[in-house]
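**Student:** Let me see the structure of the following:
(one chain, ligands or ions: 1)
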Amino acid sequence: MPLVSMRQLLDEAAKGGYGVGAFNVNNMEQIQAIMEAAKETQSPVIIQASRGARQYAQDRYLYHLMLAAAELYPEIPIAMHQDHGNSFETCKSAIELGFTSVMMDGSLKADGKTPSSFEENVEVTKRVVDFAHERGVTVEGEIGVLGGVEDGHGAGGDGLDHITDPDQAVEFAERTGVDALAIAIGTSHGAYKFTKKPDGSVLKMDVLIAIHKRLPNTHLVMHGSSSVPKDLQDIINKYGGNLKETWGVPVEEIQIGIKNGVRKINVDTDNRLAITGAIRKVLWETPEKFDPRDYNKPAREAMQKVVALRMTQFGQAGHSGDYSPISIEEIAKGYADGSLSTAPLVAAK
Ligand SMILES: [Zn+2]
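**Tutor:** Residues are numbered from 1 along each chain as shown. Here you go, the predicted structure:
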């Protein structure tokens, strides 16, 4: 199966009332883990690469790993997504490389650190939407600013500093025509999201629900949504690691989000924890080993387990065979003739 448009994946998820996990990749083992989990659970999947990943793996390696995944798993719909594009140029280069979806994170300036103005965000996002839709490529925008830093991208600070304003979300969706909208509801990138199990004072599910009420057909995206499970933290610390106690976004909260318009859920930290824990365990228990396969294989299996669990919890499991992919060219025609709408349905307050 060719790589598919993320818009199609999300439209199908909306019809089915489920969410789709978007998992970050940097190397071959991570792609293999995701694809094996998708096969095991029969899930459509979003594979995403940050700017940091594109630098780390080199664009051509990454692209061909994605093509290998599409070739080896013809029954699985895969969207290939640029995570947190910082500028028009980054998104353009991803599209030219063959990504079927891009995030234009215009909530920050091109330095990936400084919060931008609303007008700047609308302007750069709209420019990416025009370029991408002509080529059948999906665009995710962001309104509000997430906390923390991931791969050098992020404003840092607390997730509560720039919570999304529902009225601005409506105006942003109307003026840009994005296919999916990332919102800030108190989550942060990285492992250190919350200092205790989050409640409504730090995780603003009420804001998410308010945005969904105003934009009932818009695909919402939750970033920084690893759950940071204690058992994965414990494995790392048991085998010589030194993680401070921390809390992520509980899966129950994500499931509430999915009932309220969330269609894409970004998960990276949980997979990083699973990989590192597995590697530490092997090296700690059998210090005589030195073949990288001896620890990369358990690391890959540990990540597969986490991804398969999330796919089941998000509801995408069992849906890989629901539909046949529409080509990117057909999708481009749909945007051009208006059959693929980019004008959001807006409900009154
Ligand atoms: Zn993110």
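
**Student:** use CA for all of it now, contacts and neighbours both
**Tutor:** OK.

**Student:** just for this protein, where's the confidence low?
**Tutor:** 1 (pLDDT under 70).

**Student:** Taking the centroid of it, which residue is nearest it?
**Tutor:** residue 266 (3.1 Å; CA atoms, centre = their mean).

**Student:** I'd guess that one is in a strand, am I close?
**Tutor:** Yes. Under DSSP: H, G, I helix; E, B strand; the rest coil, residue 266 sits within a strand.

**Student:** What segments of the stretch 101-250 of the chain are helices?
**Tutor:** Ranges of helices in the stretch 101-250 of the chain, per DSSP state H, counting those that start in this stretch, are 118-134, 166-176, 205-214, 230-238.

**Student:** helices or strands up against the second one?
**Tutor:** Put plainly, it is helix 166-176. Contacts defined by 3 or more CA pairs under 8 Å, 6 or more residues apart in numbering; DSSP states H and E place helix 166-176 against helix 118-134, strand 138-143, helix 205-214.

**Student:** ok, back up a step: can you list the helices of the stretch 101-250 of the chain in TSV and add distance to residue 311?
**Tutor:** Formatted as TSV, the helices of the stretch 101-250 of the chain follow (distance: least, CA to CA, whole Å):
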stretch	distance to residue 311
helix 118-134	28
helix 166-176	28
helix 205-214	21
helix 230-238	18
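
**Student:** Mind putting the ones you listed into JSON lines with mean neighbour count and distance to residue 11?
**Tutor:** Below are the helices of the stretch 101-250 of the chain laid out as JSON lines (neighbours: other CA atoms under 10 Å; distance: least, CA to CA, whole Å):
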{"stretch": "helix 118-134", "mean neighbour count": "19", "distance to residue 11": "16"}
{"stretch": "helix 166-176", "mean neighbour count": "19", "distance to residue 11": "16"}
{"stretch": "helix 205-214", "mean neighbour count": "19", "distance to residue 11": "15"}
{"stretch": "helix 230-238", "mean neighbour count": "17", "distance to residue 11": "33"}
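
**Student:** of these, which approaches residue 14 most closely?
**Tutor:** Nearest to residue 14 among these is helix 205-214; the distance by CA to CA comes to 12.6 Å.

**Student:** which residue sits farthest out from the middle of the chain?
**Tutor:** residue 288 (37.8 Å).

**Student:** And the strands in the chain, which stretches?
**Tutor:** 20-24, 45-49, 78-85, 101-104, 138-143, 180-183, 219-222, 262-267 (DSSP state E).

**Student:** tell me the contacts of residue 21?
**Tutor:** By CA atoms under 8 Å, 6 or more residues apart in numbering, the contact list for residue 21 reads 45, 46, 264, 265, 266, 267, 310, 311, 314, 316.

**Student:** Residue 193 - how many residues pack around it?
**Tutor:** 26 (other CA atoms under 10 Å).

**Student:** I'd guessed it sits against residue 202; true?
**Tutor:** No. Residue 193 lies out of contact with residue 202 (CA atoms under 8 Å); the separation is 9.9 Å.

**Student:** Need the residues touching each of these two.
**Tutor:** Counting by CA under 8 Å, 6+ apart, the residues touching both residue 193 and residue 202 are residue 159.

**Student:** one step back: out of the helices and strands packed on helix 166-176, which comes closest to residue 156?
**Tutor:** That would be strand 138-143 among the helices and strands packed on helix 166-176, by CA to CA, at 15.9 Å.

**Student:** who's in contact with that closest one?
**Tutor:** Here strand 138-143 has contacts from 5-7, 100-107, 125, 128-129, 132-133, 164, 168-169, 172, 178-184, using CA under 8 Å, 6+ apart.

**Student:** Make a PyMOL selection of whichever of the residues you listed turn out to be buried.
**Tutor:** The buried residues among the contacts of strand 138-143 can be selected in PyMOL (16 or more other CA atoms under 10 Å) with this line:
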select buried, resi 5+6+7+100+101+102+103+104+105+106+107+125+128+129+132+133+164+169+172+178+179+180+181+182+183+184
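
**Student:** Neighbours of residue 292, how many?
**Tutor:** When neighbours are counted by other CA under 10 Å, residue 292 registers 9.

**Student:** how much space between it and residue 4?
**Tutor:** Distance, residue 292 to residue 4, by CA to CA, to the nearest Å: 33 Å.

**Student:** quick one on the thing from earlier: who are the neighbours in contact with the residue nearest to the centre of the chain?
**Tutor:** Contacts of residue 266 (CA under 8 Å, 6+ apart): 21, 22, 23, 24, 221, 222, 223, 224, 225, 226.

**Student:** Would you format the strands of the chain as JSON lines with distance to residue 300 included?
**Tutor:** Listed next are the strands of the chain as JSON lines, based on distance: least, CA to CA, whole Å:
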{"stretch": "strand 20-24", "distance to residue 300": "14"}
{"stretch": "strand 45-49", "distance to residue 300": "16"}
{"stretch": "strand 78-85", "distance to residue 300": "19"}
{"stretch": "strand 101-104", "distance to residue 300": "25"}
{"stretch": "strand 138-143", "distance to residue 300": "29"}
{"stretch": "strand 180-183", "distance to residue 300": "29"}
{"stretch": "strand 219-222", "distance to residue 300": "25"}
{"stretch": "strand 262-267", "distance to residue 300": "16"}
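
**Student:** Go through these and name the closest to residue 232.
**Tutor:** Taking CA to CA, strand 262-267 is the member of those nearest to residue 232, at 14.3 Å.

**Student:** between that closest one and strand 45-49, how big is the angle?
**Tutor:** Interaxial angle, strand 262-267 versus strand 45-49 (axes from the mean of the first three to the mean of the last three CA atoms, to 10 degrees): 50 degrees.
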